[in-house]
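[1] What shape does this take:
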Amino acid sequence: MSLASLIVQLINGLAEASTLFLVAAGLSLIFGVTRIVNFAHGSFYMLGIFVAYTLVGLIGASGVGFWSAVLLSALLVALFGALVEMVILRRIYRAPELFQLLATFALVLILKDAALYLWGPEDLFGPRAPGLAGAVSVLGRRVPQYDLVLIVIGPLVLGLLWLLLNRTRWGTLIRAATQDREMVAALGVNQAWLFTAVFALGCFLAGLGGALQAPRMPANLGLDLDTIGNAFVVVVVGGMGSIGGAFLAALLIAELKSLCVALGVVSFGGLTVSMSKLTLVVEFLVMAAILVWRPWGLLGKAQALVRAGATVELPLLAAGPWQRRLGWLLLVLLAAAPLLSASFPYLTVLLVEILIAVLFAASLHFIMGPGGLHSFGHAAYFGLGAYGAALVVLRLHLPMELALLIGPVVAALGALLFGWFCVRLSGVYLAMLTLAFAQIVWAIVFQWDEVTGGSNGLVGIWPSAWATSPTVYYYLALACSVAGVLLMRRVLHAPFGYALRAARDSTLRAEAIGINVVRTQWLAFGLAGLFCGLAGALFAFSKGSISPEAISIGRSVDGLVMVMLGGVQTLLGPLVGAAVFTWLQDLIARETDYWRALLGAIMLALVLLFPAGIAGFVEGLWRRYGATANGSRHE
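    Residues are numbered from 1 along each chain as shown. Alright, predicted model coming up:
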């Protein structure tokens, strides 16, 4: 590779960095002031590129028309963002952060289907920017003129944001709210309108970033999740709430990606490494390294590693007689469910999916609820368990029974490895490190064709002969799920569980009475990974195949949705949430092409009506009205 090629590739990286910065800066502003982890931020970026495509067609592709369409697109996205903030998000500011995440994820589903309805499923290619369709020669290589314009736009927006935040009263209020928003409200500032304005500004930057990409890439429905993952990485690497940090992180990540592309294949002492493949995961490698070295990001401020929140968790008490009776009744009904298979042939298949989801969600809740450790990458252990079991069967030719033991152990080892780093962080930084590790696992699985089958996955993963019947496999899944849930429940009521909850509620007090907080939380990661791996192994045998989708961000988010939907403050929450979410997803997907929007609307309604989750709401009523009267104790 020549020096000229390397320089040109790095110039292209600067153009990518500008777009990445625009999206990340908006996300950082919103989080800094409102403390909302806005999962829908990538959707506003997606809307920006779709709206720009439409407006260029309406206004015309002339110079004035194109740039007017870009700015107008960003403004329309900002107005829509302000409407969303006033109608929906303003109602949940005092809810726990994870419920806000659930609400914004519901928005992702709704906006994706809205875009599908308005623009269709096909990729839409916008026109080139007038007068910038050509290229200029740099060291004998051609660089698109439009990329040079983007390189200028990024620093220009950074400068304007600096002036806004440091030379205006409104900017002073934003910086003050980032430090102490309650104090800002106490001084008489209208906090509601400040939040609305900041959210609109963040959406404007996201929409602008999307609109500017219209000449460079097609508008498609997958941009939302692809973009939000990269934006989260940039914000966390730069430091939450730091605009300068976001710019520095965007430059670092974009240039490293460009460098990987430029280097291509590199040989080290006979070992050949394809650097271009690292582009799928380089940002997550950078994030993992930065967070391990500097947990608060490059330009972020150090925060106390305290996980205890303002919300006081209710104690987890042993189930009383009525709860036990209801549990036995439910178990009897599940055992009798195959009797209905003649009338409902699909019933056992759906129930297997629900049981696997229940085990997956319960393992996530194990570290999220009692442990207070928020994970955005729990699908890593699900995938490790699934691939571990699949490889045992396909490569080692061992029976399913051993695979169901080895797969979870592989997942537990992965959880212990990742957890050793994760438990040293807290809050959003911990969650993002779990996401980084999950994406690293996904990239390895996606590209290791010789072992994992790459993007095609592995097929032919069938149960042993005695379990090939759908009914028999259903009972196997039922036994594994019930055993897994009961074992986790038993651990939480054991001394280890009390130590785990003590570490969550007050790290300093737990350490003062002799609890090794880091070790306790680290072991909790391993146990959660073990049971999550069991769910993954059951999934692989139920489907007969496994693909990298099992480790995708989407599956991790599904787990979060299940836990939040049921309620994070109760042991029944993940069980109810997993069952309701899986059933709704299956039911709605078969009824309409726009099932995501309907599912998102239902989730949003549940969040607004039951901020403690479905099971949390019911348990709250039980605690308040019925339980103490008969002397029973409650979960």
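
[2] And Gly514, how far from Phe344?
    From Gly514 over to Phe344 the distance is 54 Å, taken as C-beta to C-beta, to the nearest Å. (C-beta placed from N, C-alpha, C; glycine too.)

[3] Of these two, which one has the most company?
    Using other C-beta atoms under 10 Å as the criterion, Gly514 and Phe344 rank with Phe344 on top: 12 against 7.

[4] ok so the more buried one is a strand residue?
    No. Judged by DSSP: H, G, I helix; E, B strand; the rest coil, Phe344 forms no part of a strand; its state is coil.

[5] tell me the pLDDT at it?
    On the pLDDT scale, Phe344 is placed at 78.

[6] what do you get for Arg624?
    Note on Arg624: pLDDT of 67.

[7] Then Gly32?
    Reading off the model, Gly32 has pLDDT 79.

[8] My read is that it contacts Gly239, right?
    No. Counting by C-beta atoms under 8 Å, Gly32 does not reach Gly239; the two are 10.0 Å apart.

[9] Look at these two and report which has more neighbours.
    Higher neighbour count among Gly32 and Gly239: Gly239, with 25 against 22, using other C-beta under 10 Å.

[10] quick one, what contacts the more buried one?
    Gly245, Trp296, Gly297, Leu298, Leu299, Gly300, Lys301 (C-beta atoms under 8 Å, 6 or more residues apart in numbering).

[11] Name the nearest residue to it, sequence neighbours excluded.
    Spatially, and ignoring its direct neighbours in sequence, Gly239 is nearest to Gly300 (2.3 Å; C-beta to C-beta, 6 or more residues apart in numbering).

[12] residue contacts, that neighbour?
    Gly300 sits next to Gly238, Gly239, Met240, Gly241, Ser242, Gly245 when contact means C-beta under 8 Å, 6+ apart.

[13] now for those residues, which pair is the farthest apart?
    Maximum pairwise distance among the contacts of Gly300 (C-beta to C-beta): 9.2 Å, between Gly238 and Gly241.

[14] Which of these two has more residues huddled nearby?
    More crowded of Gly238 and Gly241, by other C-beta under 10 Å: Gly238, with 29 against 23.

[15] Thought Ala249 was touching the more buried one, still the case?
    Yes. Using C-beta under 8 Å, Gly238 is in contact with Ala249, at 3.6 Å.

[16] buried ones in stretch 20-30?
    Across stretch 20-30, burial judged by 16 or more other C-beta atoms under 10 Å covers Leu20, Phe21, Leu22, Val23, Ala24, Ala25, Gly26, Leu27, Ser28, Leu29, Ile30.

[17] possible to save these as JSON lines with distance to Phe581?
    Converted to JSON lines, the buried residues of stretch 20-30 look like this (distance: C-beta to C-beta, whole Å):
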{"residue": "Leu20", "distance to Phe581": "32"}
{"residue": "Phe21", "distance to Phe581": "35"}
{"residue": "Leu22", "distance to Phe581": "33"}
{"residue": "Val23", "distance to Phe581": "28"}
{"residue": "Ala24", "distance to Phe581": "30"}
{"residue": "Ala25", "distance to Phe581": "33"}
{"residue": "Gly26", "distance to Phe581": "29"}
{"residue": "Leu27", "distance to Phe581": "26"}
{"residue": "Ser28", "distance to Phe581": "30"}
{"residue": "Leu29", "distance to Phe581": "31"}
{"residue": "Ile30", "distance to Phe581": "26"}
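
[18] Nearest to Leu164 among these?
    Taking these together and measuring to Leu164 by C-beta to C-beta, the closest member is Leu29, at 10.0 Å.

[19] sorry, back to before: what do Gly238 and Ala249 both touch?
    Contact criterion C-beta under 8 Å, 6+ apart; residues shared by Gly238 and Ala249: Ala24, Gly297, Leu298.

[20] which one of the residues you listed sits closest to Asp586?
    Closest to Asp586, out of all of the shared contacts of Gly238 and Ala249 and judged by C-beta to C-beta, is Ala24, at 35.7 Å.

[21] Could I get the contacting residues of the closest one?
    Ala24 sits in contact with Asn230, Ala231, Val234, Val235, Gly238, Ala246, Ala249, Ala250, where contact means C-beta under 8 Å, 6+ apart.

[22] Find the nearest non-adjacent residue to it, please.
    Val234 is the one closest to Ala24 (C-beta to C-beta, 6+ apart), at 3.8 Å.

[23] swap in Arg91?
    Leu608 (6.1 Å).

[24] Next, count neighbours for that neighbour.
    Leu608 - counted by other C-beta under 10 Å - has 15 other residues nearby.

[25] elements contacting the host helix or strand of it?
    Per DSSP states H and E, Leu608 falls inside helix 595-609. Judged by 3 or more C-beta pairs under 8 Å, 6 or more residues apart in numbering; DSSP states H and E, helix 595-609 is in contact with helix 97-119, helix 553-566, helix 573-591.

[26] Recalculate using a threshold of 10 Å.
    Counting contacts by 3 or more C-beta pairs under 10 Å, 6 or more residues apart in numbering; DSSP states H and E, helix 595-609 is packed against helix 97-119, helix 553-566, helix 573-591, helix 614-621.

[27] Of all the ones you listed, which one is nearest Arg509?
    Comparing the helices and strands packed on helix 595-609 by C-beta to C-beta, helix 97-119 comes nearest, at 22.7 Å.

[28] mind listing what Leu118 touches?
    Leu118 makes contact with Leu47, Phe50, Val51, Thr54, according to C-beta atoms under 10 Å, 6 or more residues apart in numbering.

[29] So which of these is the closest to Ala479?
    Nearest to Ala479, judged by C-beta to C-beta, of those is Leu47 at 46.6 Å.

[30] which residues does the nearest residue to Gly600 once chain neighbours are set aside contact?
    For Gly600, ignoring the flanking residues on the chain, the nearest one in space by C-beta to C-beta, 6+ apart is Leu109 at 3.2 Å. Going by C-beta under 10 Å, 6+ apart, Leu109 touches 40, 43, 224, 561, 594-604.

[31] If we use 7 Å, what do you get?
    Going by C-beta atoms under 7 Å, 6 or more residues apart in numbering, Leu109 touches Arg596, Ala597, Leu599, Gly600.

[32] and the next element down the chain from the longest helix that the chain contains?
    Scanning the chain for the longest helix, with DSSP state H as the assignment, gives helix 3-34. Heading C-terminal from helix 3-34, the first helix or strand you meet, by DSSP H and E, is helix 41-59.

[33] average pLDDT for that following helix?
    94.

[34] just checking, what packs against that helix?
    helix 3-34, helix 63-87, helix 97-119, helix 191-212, helix 223-238 (3 or more C-beta pairs under 7 Å, 6 or more residues apart in numbering; DSSP states H and E).

[35] Can you mark which positions in the third one are buried?
    In terms of neighbour count (16+ other C-beta under 10 Å), helix 97-119 has its buried residues at 97-115, 119.

[36] now do the second one
    When burial is assessed from 16+ other C-beta under 10 Å, helix 63-87 yields the following buried residues: 65-67, 69-70, 72-78, 80-82, 84-86.
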